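Asker: turn this into a model:
(chains A and B)
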Amino acid sequence: MKTRLCSAVSLILIASLFSFTTLAQTNTRRKNPLINIRAKSQKGPKVKEKIERLRSSHNSVRAAFEAFEKRGHKPKIDDAVSITGNVEPTREVAYRRLNHASQQATITGDGIEVIFIAVVDLYNEWQGIAIANFYDPNGTLEEQYVADVVITRSEYSPSEWTARFELKFESDGIGYLNHRPGMFTNFNLGTPVLQQAAPLSLDPSQFASTEQMDAYYNLYPEQALIDSFQGGSDGGGGILPLQPARFATPQRGPGAVFPVSPWAFHTITGWGNMARSVGVGCSFVAGACTVGVLLGGISAAGCLGAGCTLVTLNAARNNLRVVRR
Amino acid sequence: MSKKKVILAVVLPVTITIVFAWANLTLPLRDAIVVCVAAFVGSLVGYRWKRDNPTFGRMILWALVVTGVAAAMLVISNLLASYVF
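Answerer: Predicted coordinates:
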């Protein structure tokens, strides 16, 4: 009787665990927001032709090209990439429209085309022109974004890129600097980051008015910290606070020579998450094993050894990934 | 089985559960299944090591008891983490 009772209680506890966690997961599951987006990329003569057409008809595109060309750098139009995407409205979106509810900010118009034209293309740095065209359902150009941008790769997370300089051109061909703390304020476009002393500090003359300056510093108080870096005796700003990336890493051009070992360009990530999973899992197993030991039934070494081995193998399978450096 | 051991067997998992729940360390279903399987296999091995000629039925029983405790710890810590802390 006692044995049957123990078995029944154990089975009920295990079953309750699975039903509880299943319910918890069902409630938190979300729909994939990209499910209705169809995208394709294009490269070659057609893209080149399109860029030439845009350049001849839009002042903003022309000015974006000139910003590089007047410094002696030629945008690589032949290698330009165009990415187009369309959003297909779902029933849910249509229902929301009927109810005049607010729409998601990402659904702007019916389609979007983004063109990237590289000028400087290094492993950890990209400089070039970005053109984004937003179209309505009839295919008419609704809005356009044209900018010269500088982005750098994170030293710690190779898939993470951050904008360091953004010069946005309006339809009249005038460029406006979009700035956040940590971005360059006076950048020589076309020249790699390490070859120039681009300041991160802001000068009062860079604001149209004192009110604008006050508003900026109120919005981004951390900019004052960056400005204080400039006060050295040698004068001039620097790129010290940025620490962009390991620019000494070999570039991946067509002529690049790869070393024999694949680990020169690859590394294993996820050790922290694995350690966490092992810690949590082994602690639970240890708790369960301790109960068994205290009740006098099982060996601690055997229980912990087998249990923790399983937990560790599973944690490694789930968390460790081989990624590019 | 002494009263002291029984108390320890209750106090210890409850303490671990509360600490884990307080640290908000909840486990998703897949990890919870793995932990329970690990506890089950671990207790099977542990029981086999302790006894010379264990019967299959008693091995399974002990493994179920230990797995049940692990499952209870997970349920309680998940509930505490979600609703209390």
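Asker: show me what the strand or helix carrying B:Ala32 is packed up against.
Answerer: Using DSSP states H and E, B:Ala32 sits within helix B:29-50. Applying 3 or more C-beta pairs under 8 Å, 6 or more residues apart in numbering or on different chains; DSSP states H and E, we find helix B:29-50 packed against helix A:2-28, helix A:271-294, helix A:300-319, helix B:56-79. C-betas here are computed from N, CA, C, even on glycine.
Asker: what's the distance between that helix and the middle of its chain?
Answerer: Counting by C-alpha atoms, centre = their mean, to the nearest Å, helix B:29-50 is centred 9 Å from the centre of its parent chain.
Asker: for that helix, which positions count as buried?
Answerer: Neighbour-count burial for helix B:29-50 flags B:29, B:31-50 (criterion: 16 or more other C-beta atoms under 10 Å in any protein chain shown).
Asker: please report the distance of A:Cys308 from A:Gly272.
Answerer: According to C-beta to C-beta, to the nearest Å, A:Cys308 and A:Gly272 sit 18 Å apart.
Asker: the more surrounded of those two?
Answerer: Regarding A:Cys308 and A:Gly272, a neighbour count based on other C-beta atoms under 10 Å in any protein chain shown identifies A:Cys308 as having more, with 19 against 9.
Asker: helix, strand or coil for A:Phe116?
Answerer: strand (DSSP: H, G, I helix; E, B strand; the rest coil).
Asker: before we move on, what about the one 4 residues further on?
Answerer: Using three-state DSSP, the structure places A:Val120 in strand.
Asker: so it bridges to which residues?
Answerer: A:Gln127 (DSSP bridges).
Asker: that one - how many residues pack around it?
Answerer: Using other C-beta under 10 Å, the number of residues around A:Val120 comes to 18.
Asker: is it true that it touches A:Gly190?
Answerer: Yes. At 6.3 Å, A:Val120 and A:Gly190 qualify as touching, with contact defined as C-beta atoms under 8 Å.
Asker: list the residues that contact both of these two?
Answerer: A:73, A:127 (C-beta atoms under 8 Å, 6 or more residues apart in numbering or on different chains).
Asker: just the C-alphas of the strand or helix carrying A:Tyr145, formatted as PDB.
Answerer: Remark: A:Tyr145 resides in strand A:141-153, with elements defined by DSSP H and E. Taking C-alpha atoms only, strand A:141-153 is exported to PDB below (Å, rounded to 0.1, in the frame of the first residue of the first chain):
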ATOM      1  CA  LEU A 141       7.100  56.500 -54.200                       C
ATOM      2  CA  GLU A 142       5.800  57.800 -50.900                       C
ATOM      3  CA  GLU A 143       8.900  58.600 -49.000                       C
ATOM      4  CA  GLN A 144      12.600  58.400 -49.500                       C
ATOM      5  CA  TYR A 145      15.600  58.200 -47.100                       C
ATOM      6  CA  VAL A 146      19.100  59.000 -48.500                       C
ATOM      7  CA  ALA A 147      22.200  59.100 -46.300                       C
ATOM      8  CA  ASP A 148      25.900  58.600 -46.200                       C
ATOM      9  CA  VAL A 149      26.500  56.300 -43.300                       C
ATOM     10  CA  VAL A 150      29.500  54.900 -41.400                       C
ATOM     11  CA  ILE A 151      28.900  51.700 -39.400                       C
ATOM     12  CA  THR A 152      31.300  49.700 -37.300                       C
ATOM     13  CA  ARG A 153      31.200  46.100 -36.000                       C
END
